[in-house]
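**Q** any chance you can model this:
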Amino acid sequence: MSPQEQLRALFKAAIDAAQPSLRVPAFLPPRPKGRAVVIGAGKASAAMAKAVEDHWDADMSGLVVTRYGHGAPCKKIEIVEAAHPVPDAAGMNGAARMLDLVKGLGPDDLVLALISGGGSAVLSLPAAPVTLEALRSVTQALLKSGANIVEMNTVRKHLSSIAGGRLAQAAAPARVLTLAISDVPGDDPSTIGSGPTVADPTTLAQARAVLAKYKIDPPAEIAARLADPASETPKHLPNADYKLIAAPIQSLDAAAALAKQYGYAVHSLGPDLEGESRDVARDQADLVRAIRAGRGPVQAPCVILSGGETTVTVRGKGRGGRDAEFALGLAVALDGMKGVWAIAGDTDGIDGTEDNAGAVVTPDTLARGPDAAAYLANNDAYTYFGKLGDLVVTGPTHTNVNDFRAILIER
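**A** Prediction:
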C-alpha cells in the first residue's frame, strides 16, 4: 500500500469511527410515558435519525433538517434539506415548523434532539426584526473574516428564534435529551450547531464585540437586535439533558491505531487545533523538519495527526476550503521535501462549499503543479489540487467530527 493509500485509509478510519449507526444506539433512552418527538439539525442529523428509527422502540414522530445531499431514508421522521453554510428559506421554514412541533408538549413527553455540526446554518430562524437577507449577509461576512466557530455562533445564537437554547425553552415542560456529534474544538455543547437545546453562556455584548473585532458593519435590524436586552439567550434550562456521543478525539484515536498497524510511530497534536490554515500548516512543516533533524517528539517513520477547525481569511478570489488551503500551505512550506506525504480533509466530506473533502500532498506536489504560492495567495487551493488530480472526494459522509490532518514521514 502506497503512502497516499495509507493516508486515505487513515482518513476513512476517522470517518468510520464517528458514524451515527455506530454511535447512536448505546445512548438511546427508555421510551417515554408520553409522546416521543425526534428533532435534529446538522450534517449528521439525518443519519442519526435513521439510526434512531433502526434501534429505538418508541412510537415516534419528528423533523430533522440537514444539508442538501446529506439526507437519509427515514419512515417516521421527516427529513428536510437546506443550505449550508449560508442559510436559505428551506432551512428557515424547517426551523419554524420544528419550533411549532415542540410546543404544547407535557411533562411525560420526550424531545429527542439530534444535533451535529452544520446545524447553525440549516436551522436558521431569524428573530424579529432580523430578516433572512440580513442574516445571510452577516453570515457571509463572518465566513470571509477569519472568525472561528465560537465567534460565529456567538453572533448567530443572538440573532435566532431557535438557537442558543430557545428550542428547548419552547419544549418545556417536556424533557429534552440531546445526542450530539461534536465538530468544534473543545466539544462545547453550546457551540455545536449553535446549541438549540442547551443553555447559552455567551452574551449580547460578546456578539457585538465579534462584529467589531472583524470590522463587520451589520444591517440596521441586526444592530437593533443585538442592542436589545430582551434578545439575550436563556442561561438555565432545567428540562434539558445532554450526551456527547461522538467527538473528534475518538476519530483521531481510530486513525492512530491504524497508523500503528502500518508500522508508524504516532504523534498526535490533539483534536482542538485552531488558527489560520496556512499558519497551522507552517507550524506543522516546522515540526516535520525537526523530526527529520532528529529533534522531534518521535522518529521517522511516523505519522503526525491533528484535528480541530482552522479558519481562512479570504483575501483572494479563488476556490477552496480550509483543508485544501492547509494542504497547499503545507506543500509550500515543505518546499518539495522528500519522503513526506499528507492529507487534510473535513470529516463531513465537504471542504467549505466545494465538492471535495480536502486534498493530498505528495513530495512532488510543487513540481507537478503551477505556481503554488500564487494559488495560495489567491485562496485557490481547490483549483490547484484539481489540476493535479489530488483532491479528496468522498461525497457526504453523514457524520461530522471536524477537520482531520495526517502527515506521513518516511524513514
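**Q** run a quick neighbour tally on the nearest residue to Val314 once chain neighbours are set aside.
**A** Counting by C-beta to C-beta, 6 or more residues apart in numbering, Val314 lies nearest to Lys144, which is 4.2 Å off, once chain neighbours are set aside. Bear in mind the C-beta positions are built from the backbone N, C-alpha and C, glycine included. Residues lying near Lys144 (other C-beta atoms under 10 Å) number 15.
**Q** can you check Pro238 too?
**A** By other C-beta under 10 Å, the residues close to Pro238 number 9.
**Q** again with Pro248
**A** Using other C-beta under 10 Å, the number of residues around Pro248 comes to 31.
**Q** list the contacts of it.
**A** By C-beta atoms under 8 Å, 6 or more residues apart in numbering, the residues touching Pro248 are 182-183, 187, 271-272, 307-308, 347, 401-402.
**Q** contacting residues for Ile149?
**A** Neighbour list for Ile149: 183-185, 191, 309 [criterion: C-beta under 8 Å, 6+ apart].
**Q** out of the residues you listed, who's the most crowded?
**A** Asp183 (31 neighbours).
**Q** give me the secondary structure label for that one.
**A** coil (DSSP: H, G, I helix; E, B strand; the rest coil).
**Q** next, it: phi, psi?
**A** In terms of degrees, to the nearest 10, the main-chain angles of Asp183 are phi -120, psi 20.
**Q** nearest residue to it other than its sequence neighbours?
**A** Asp183 sits nearest to Gly117 (C-beta to C-beta, 6+ apart), 2.8 Å away.
**Q** hang on, the earlier thing: want to try TSV for the contacts of Ile149, with distance to Val38 as columns?
**A** Listed next are the contacts of Ile149 as TSV, based on distance: C-beta to C-beta, whole Å:
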residue	distance to Val38
Asp183	20
Val184	23
Pro185	28
Thr191	22
Glu309	27
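**Q** export those to a markdown table and tack on distance to Asp57 and pLDDT?
**A** Formatted as a markdown table, the contacts of Ile149 follow (distance: C-beta to C-beta, whole Å; pLDDT from 0 to 100):
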| residue | distance to Asp57 | pLDDT |
| --- | --- | --- |
| Asp183 | 29 | 95 |
| Val184 | 32 | 94 |
| Pro185 | 36 | 91 |
| Thr191 | 32 | 97 |
| Glu309 | 36 | 94 |
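**Q** what's the most distant pair in those?
**A** Thr191 and Glu309 (10.2 Å; C-beta to C-beta).
**Q** okay, now the closest residue to Pro129 other than its chain neighbours: neighbour count?
**A** Excluding the flanking residues, the one nearest Pro129 by C-beta to C-beta, 6+ apart is Glu221, at 4.3 Å. A count of nearby residues for Glu221, using other C-beta under 10 Å, gives 18.
**Q** are we agreed that Glu221 is in a helix?
**A** Yes - judged by three-state DSSP, Glu221 forms part of a helix.
**Q** doesn't Val130 make contact with it?
**A** Yes - using C-beta atoms under 8 Å, Glu221 is in contact with Val130, at 5.2 Å.
**Q** what ranges do the strands span in the protein?
**A** For the chain, applying DSSP state E gives strands covering 36-41, 60-67, 77-82, 110-116, 175-181, 240-246, 265-268, 302-308, 340-346, 358-361, 391-392, 403-409.
**Q** kindly reformat these as JSON lines containing distance to Leu252 and mean pLDDT.
**A** Formatted as JSON lines, the strands of the chain follow (distance: least, C-beta to C-beta, whole Å; pLDDT from 0 to 100):
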{"stretch": "strand 36-41", "distance to Leu252": "25", "mean pLDDT": "98"}
{"stretch": "strand 60-67", "distance to Leu252": "24", "mean pLDDT": "98"}
{"stretch": "strand 77-82", "distance to Leu252": "30", "mean pLDDT": "98"}
{"stretch": "strand 110-116", "distance to Leu252": "18", "mean pLDDT": "98"}
{"stretch": "strand 175-181", "distance to Leu252": "15", "mean pLDDT": "98"}
{"stretch": "strand 240-246", "distance to Leu252": "12", "mean pLDDT": "98"}
{"stretch": "strand 265-268", "distance to Leu252": "6", "mean pLDDT": "98"}
{"stretch": "strand 302-308", "distance to Leu252": "5", "mean pLDDT": "97"}
{"stretch": "strand 340-346", "distance to Leu252": "13", "mean pLDDT": "98"}
{"stretch": "strand 358-361", "distance to Leu252": "15", "mean pLDDT": "98"}
{"stretch": "strand 391-392", "distance to Leu252": "17", "mean pLDDT": "98"}
{"stretch": "strand 403-409", "distance to Leu252": "8", "mean pLDDT": "98"}
